[in-house]
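# Sharing a model that was predicted from the sequence below.
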Amino acid sequence: MNPTPERAARAYGEHRAAFIAAVSAAYAINVCGSGLSVIDDAFITFRHATNFAEHGQLVLNLGERVEGITNLLWALVLAGVYRLFATPMAETAVVLSLLAVPWALLRVYQIGLRLTGKDAWGALAALLLALNPHFILASTNGLETGLFCALLAELCYRVVRQHYSACGVLIGLLFLTRPEGALLLVPLLLAVRLATGRSSRAWPAVAIACAVVLGATAFRYLSYGQPLPNSIVAKSYPFAQTPELVLGGLKYCVGFAAVNGYLLLPLGALLAYLARLKSAPSSSKALLGFCVTTLTLIWLVAMRNGGDWMPHHRLFLQYGPIWSLTAILVLSEAGWHARWAALLCLWPLALLTNTVIGNRGHFFRIDTNAGGEFYAEATRRLKGQLRAEDVVSAEAIGYISFHLPSTRFHDPLGLNDAYIARHGTPAIRFGKEDPVYTLAVVAPAVALWQTGSHLWRVPRAVLGNYQIRRFGPDVGWHSNLVCLRKDRLPTLAQAFADWPIVDVTPTVPSFVVHLNASKVADGAAR
């Protein structure tokens with residue numbers, strides 16, 4: 001007996017409700033069970049945003065014209081919320097990200113439904129992301145990833161709907177969120193060509209996006225004296241470093257595949273789909289062309305950066321909507337049934353289960369102690385001990401600079417230092433460095449190093465200006481060190497009196513260094 005139209009419509013609505021409930025439950029369990037954590041770099045943005053909200057200067061140190069962030073739009077959003085509500089910056093960033101990600105999931109769901117005509121494919125596209133703890137953790141780490149994902153998913157939705165002027169606005173916003181967002185003009189041009197047969201339909205979008213790019217570039221030049229963020233300059237490496245960069249990028253790709261390989265598996269069916277490309281709907285062809293071109297570009301970005309140091313493969317997972325939509329497009333057009341394609345969800349489900357078990361029942365935690373014990377303890381000891389003229393240098397500058405807001409900070413990796421960004425030695429994935437310049441020219445009252453290896457080639461005459469103390473166990477060059485300038489010892493040595501003094505001795509020419517712990521001198525200068 002055939003069902004009545006009313007009964008069929010009711011069943012259709014029930015299925016849709018069940019799919020939406022499944023996606024919502026997966027997202028909620030992931031958020032509650034994964035243990036959210038704000039990373040150190042996010043606090044650099046927080047300090048910029050706070051200075052802008054309170055003093056009208058989007059900088060790390062008041063009075064210094066250096067743009068040490070690449071997420072201009074995210075910093076402005078945080079500054080605006082802080083200005084209006086005075087809410088804690090770290091928690092605000094996490095909450096805003098938790099609100100942005102569901103929008104991305106909704107748009108991914110709607111795109112899957114629109115292109116396939118079936119709720120199951122839309123739900124599958126959303127579940128591939130909602131179940132992945134690494135995607136959730138990367139999207140809620142205090143940086144701009146959640147916002148970027150929401151804007152990117154909205155862009156894909158507008159590409160499918162052929163709202164090309166809106167696409168131009170979104171690409172402009174993506175550029176303001178992350179500079180590589182401007183690259184999305186290339187896949188947009190291809191998508192327009194595949195959908196309409198005429199590239200001219202994309203010119204309004206190109207004009208809008210270029211206007212935003214040019215306007216932001218002019219703002220940067222007028223505000224900071226250069227057209228690019230200083231952190232991009234710091235990570236612009238000489239051509240001679242290309243082999244090392246490519247190797248680092250390949251390692252990063254392999255690491256991503258090892259953890260998130262289920263997103264790559266459907267690409268194996270891409271060749272079979274390409275053979276049927278001419279018969280596919282133009283909307284599917286357009287979005288697939290957009291997605292594949294975008295994935296190619298982000299792979300090239302990974303090669304240029306030498307990979308990325310941030311956890312959870314943030315560099316790739318901020319394009320989560322692209323990965324997910326590519327997967328369901330390829331599989332649906334290749335003739336797969338949604339229930340078989342749903343087996344892909346077992347992979348992220350296993351990742352989520354392992355993450356929840358690893359958290360030992362601690363649900364909905366937000367860890368804002370991004371600096372770890374070393375920086376948290378150093379921050380606590382330095383509070384109230386620094387003078388107005390003191391400069392602090394820290395290898396990880398975010399957490400400690402945010403929690404010592406009145407202190408001027410120096411970034412030894414050049415992201416917030418214009419001289420090192422231009423003239424430093426490449427430190428692949430992190431920026432550039434010049435420890436001699438840091439210790440001899442900047443001459444901070446306190447310099448914190450996560451690893452003592454930065455002091456390998458610093459002349460003894462320069463090191464002699466500092467008393468060096470160790471935090472935690474002696475692990476050679478991997479020890480956490482604090483350098484206290486000797487003229488500030490009467491105050492600062494007391495703050496670190498229980499950290500043992502160490503001797504850093506370069507051995508020429510092998511540069512093998514021994515950290516020999518001596519007895520605690522109770523704050524006396526050596």
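Received, thanks.

# Under the pLDDT cut-off, which ranges of this protein? List them.
Along the chain, segments meeting pLDDT under 70 span 1-14, 269-279, 361-362, 371, 505-526.

# With adjacent residues omitted, what lies nearest to the residue nearest in space to the middle of it?
Computing the C-alpha centroid of the chain and ranking residues by C-alpha atoms, centre = their mean puts residue 314 first, at 5.1 Å. In space, and not counting its chain neighbours, residue 314 is closest to residue 138: 4.4 Å by C-beta to C-beta, 6 or more residues apart in numbering. (Glycine included, C-beta is placed from N, CA and C.)

# Quick one: neighbours of the one you found, just the number.
For residue 138, the neighbour count with other C-beta atoms under 10 Å is 25.

# quick one: which helix or strand includes it?
helix 133-139 (DSSP states H and E).

# Can I get that helix in CSV, CA atoms only?
Extracted in CSV, the C-alpha atoms of helix 133-139 (Å, rounded to 0.1, in the frame of the first residue of the first chain):
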residue,chain,number,x,y,z
PRO,A,133,37.3,16.5,18.0
HIS,A,134,40.4,18.0,16.2
PHE,A,135,38.1,20.2,14.1
ILE,A,136,36.2,21.4,17.2
LEU,A,137,39.5,22.0,19.2
ALA,A,138,41.1,23.8,16.2
SER,A,139,37.9,26.0,15.8
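
# Can you give me the buried ones in the helix or strand following that helix?
Once the chain leaves helix 133-139, the next helix or strand it forms, by DSSP H and E, is helix 145-161. By 16 or more other C-beta atoms under 10 Å, the buried positions in helix 145-161 come out as 145-160.

# circling back to that earlier point, who are the packing partners of the host helix or strand of the residue nearest to the centre of the chain?
Here residue 314 sits within helix 314-317, counting by DSSP H and E. Counting contacts by 3 or more C-beta pairs under 8 Å, 6 or more residues apart in numbering; DSSP states H and E, helix 314-317 is packed against helix 133-139, helix 242-260, helix 282-305.

# can you rerun that using 7 Å?
With contacts defined as 3 or more C-beta pairs under 7 Å, 6 or more residues apart in numbering; DSSP states H and E, helix 314-317 has these neighbours: helix 133-139.

# what about the helix holding residue 314, distance to the chain center?
Relative to the centre of its chain, helix 314-317 is centred 7 Å away, using C-alpha atoms, centre = their mean, to the nearest Å.

# Kindly report the same for stretch 246-254.
17 Å.

# Just the CA atoms of that stretch, as PDB, please.
The C-alpha coordinates for stretch 246-254 follow below in PDB (Å, rounded to 0.1, in the frame of the first residue of the first chain):
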ATOM      1  CA  VAL A 246      58.600  21.700   1.200                       C
ATOM      2  CA  LEU A 247      59.800  18.900   3.500                       C
ATOM      3  CA  GLY A 248      58.100  20.500   6.500                       C
ATOM      4  CA  GLY A 249      54.900  21.000   4.500                       C
ATOM      5  CA  LEU A 250      55.000  17.300   3.300                       C
ATOM      6  CA  LYS A 251      55.400  16.100   6.900                       C
ATOM      7  CA  TYR A 252      52.500  18.300   7.900                       C
ATOM      8  CA  CYS A 253      50.300  16.800   5.200                       C
ATOM      9  CA  VAL A 254      51.300  13.300   6.200                       C
END
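
# Check which residues of it are buried.
Buried-residue list, stretch 246-254, by 16+ other C-beta under 10 Å: 248-249, 252-253.

# can you check stretch 174-190 too?
Buried, per 16+ other C-beta under 10 Å, within stretch 174-190: 174-185, 187-190.

# what do you get for stretch 469-487?
For stretch 469-487, by 16+ other C-beta under 10 Å, it's 469-471, 477, 479-485.

# which residues in this structure form strands?
Secondary structure of the chain by DSSP state E: the strands cover 36-37, 366-367, 391-394, 408-410, 425-427, 431-433, 446-449, 466-471, 480-485, 502-507, 512-517.

# sorry, back to before: same for the helix holding residue 138, what does it pack against?
Counting contacts by 3+ C-beta pairs under 7 Å, 6+ apart, helix 133-139 packs against helix 5-34, helix 145-161, helix 314-317, helix 346-358.

# between those, which one is nearest to residue 327?
Of all those, it is helix 346-358 that lies closest to residue 327, at 11.2 Å by C-beta to C-beta.

# contacts for stretch 231-241?
Applying C-beta atoms under 7 Å, 6 or more residues apart in numbering, the external contacts of stretch 231-241 come out as 68-70, 179, 245, 305, 413-415, 420-422, 426, 428, 431-432.

# Of these - the most surrounded one?
When neighbours are counted by other C-beta under 10 Å, residue 414 leads the contacts of stretch 231-241 with 30 neighbours.

# For that one, which residues are in contact?
Residues near residue 414 by C-beta under 7 Å, 6+ apart: 234, 420-421, 424, 431-433.

# got it, and residue 31?
Residues near residue 31 by C-beta under 7 Å, 6+ apart: 98, 136.

# got it, and residue 74?
45, 144, 147, 177.

# for residue 103, same thing?
residue 150 are the contacts of residue 103 under C-beta under 7 Å, 6+ apart.

# Break this protein into its domains for me.
Residue ranges for the domains of the chain, per automatic domain parsing: 5-358, 372-517.

# Could you check how far the residue lying closest to residue 383 once chain neighbours are set aside is from residue 391?
Nearest residue to residue 383 in three dimensions, chain neighbours excluded: residue 404, at 6.8 Å (C-beta to C-beta, 6+ apart). According to C-beta to C-beta, to the nearest Å, residue 404 stands 11 Å off from residue 391.

# Tabulate the strands of the chain (JSON lines), appending distance to residue 114.
Below are the strands of the chain laid out as JSON lines (distance: least, C-beta to C-beta, whole Å):
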{"stretch": "strand 36-37", "distance to residue 114": "31"}
{"stretch": "strand 366-367", "distance to residue 114": "35"}
{"stretch": "strand 391-394", "distance to residue 114": "49"}
{"stretch": "strand 408-410", "distance to residue 114": "49"}
{"stretch": "strand 425-427", "distance to residue 114": "45"}
{"stretch": "strand 431-433", "distance to residue 114": "42"}
{"stretch": "strand 446-449", "distance to residue 114": "52"}
{"stretch": "strand 466-471", "distance to residue 114": "55"}
{"stretch": "strand 480-485", "distance to residue 114": "53"}
{"stretch": "strand 502-507", "distance to residue 114": "62"}
{"stretch": "strand 512-517", "distance to residue 114": "61"}
